[in-house]
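*Asks:* dropping a prediction and its sequence here:
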Amino acid sequence: MRGKLILVIGPMGSGKSTLMRHAIERFPELRTPYSYTTRPRRPDSVENEHYKFVSTEEFEEMIRNDEFLEWAKFSNNYYGTLKEYVQEGIEEGKVMFKEMEVQGVRQVLAHMDHKDLVTVFIDAGSWETLVSRALQRAHMSDEELERRKKHFEEELTFMPDADVVIHNRTPEEKGSAMQAFEKIIEDALNQAHISHA
């Protein structure tokens with residue numbers, strides 16, 4: 001059987017990172033496609049399964065060679081997912097998952113057979129709820145809040161198109177959100193005949 005690529009989409013504060021960390025602990029056979037990036041390597045950063053650091057020239061050459069499943073530019077740095085890695089994983093029956101921005105997801109949907117994909121949107125509630133949570137954690141300037149609001153509105157446009165919407169709007173919903181996320185992964189693993197006992 002073929003594997004699956006599970007794409008996780010959601011605005012800031014939606015709990016995406018928490019859900020994904022939980023999933024990796026619960027299902028160690030999951031694979032996360034790494035990102036190629038031109039951002040400077042931080043002093044404490046190592047090249048690992050999450051990032052491959054390349055120069056801008058190398059990245060742009062890879063774009064010209066059509067090597068990316070999706071790519072984008074944020075804050076003058078490129079980020080992209082290697083097409084070959086994902087295609088090989090699916091053909092080998094691997095289940096992979098990755099957090100992704102909406103523009104990246106739309107590129108993937110244009111390049112891949114939808115039967116190889118599951119798109120999961122994490123609904124975290126209204127902008128007012130999210131910004132209230134964010135401001136409890138850290139101060140943000142008006143400019144930063146406006147930037148994040150635009151990003152929130154962009155992410156929200158994908159919710160009607162997602163295969164699955166998981167509601168994670170309140171602390172009370174956290175447990176059911178994790179169960180729903182686990183079920184998606186279990187179904188994908190079962191379809192790929194991968195044991196996760």
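*Replies:* That came in fine, so what should we check first? Please read these numbers as outputs of a predicted model, since none were measured by experiment. Numbering: from 1, shown residues only.
*Asks:* in the strand or helix carrying A23, what counts as buried?
*Replies:* Using DSSP states H and E, A23 sits within helix 16-26. Using 16 or more other C-beta atoms under 10 Å as the test for burial, helix 16-26 gives K16, L19, M20, A23. Quick note: C-beta positions are derived from backbone N, CA and C, even for glycine.
*Asks:* now swap in stretch 62-79 and tell me
*Replies:* M62, E67, F68, L69, E70, W71, A72, Y78, Y79.
*Asks:* where's the fourth one relative to Q87, distance?
*Replies:* In this case it means L69. 8 Å (C-beta to C-beta, to the nearest Å).
*Asks:* host element of V165?
*Replies:* strand 164-167.
*Asks:* what angle separates the helix or strand following that strand from helix 16-26?
*Replies:* Next along the chain after strand 164-167, taking DSSP H and E as the criterion, comes helix 174-191. Taking axes from the mean of the first three to the mean of the last three C-alpha atoms, to 10 degrees, one finds that helix 174-191 is oriented at 50 degrees with respect to helix 16-26.
*Asks:* by contact count, what packs against helix 174-191?
*Replies:* Counting contacts by 3 or more C-beta pairs under 8 Å, 6 or more residues apart in numbering; DSSP states H and E, helix 174-191 packs against strand 4-9, helix 16-26, strand 95-99, strand 117-123, strand 164-167.
*Asks:* which outside residues touch that helix?
*Replies:* 1, 3-4, 6, 15, 18-19, 22-23, 26-27, 29-30, 95, 97, 118, 120, 122, 164, 166-168, 196 (C-beta atoms under 8 Å, 6 or more residues apart in numbering).
*Asks:* distance of the spatially most distant residue from the centre of the chain relative to Q136?
*Replies:* Ranking residues of the chain by C-alpha distance from their mean position (C-alpha atoms, centre = their mean) puts D142 at the top, at 26.8 Å. The gap separating D142 from Q136 is 17 Å, by C-beta to C-beta.
*Asks:* run through who's touching stretch 92-110.
*Replies:* Everything outside stretch 92-110 that qualifies as a contact, by C-beta under 8 Å, 6+ apart, is 1-9, 16-17, 20, 23, 27, 29-33, 69-72, 81, 86, 89-90, 117, 119, 154-155, 157-158, 185, 188-189, 192-194.
*Asks:* from these, keep the buried residues only.
*Replies:* For the contacts of stretch 92-110, buried by 16+ other C-beta under 10 Å: 3-9, 16, 20, 23, 27, 30-31, 33, 69-72, 81, 86, 89-90, 117, 119, 155, 158, 185, 188-189, 192, 194.
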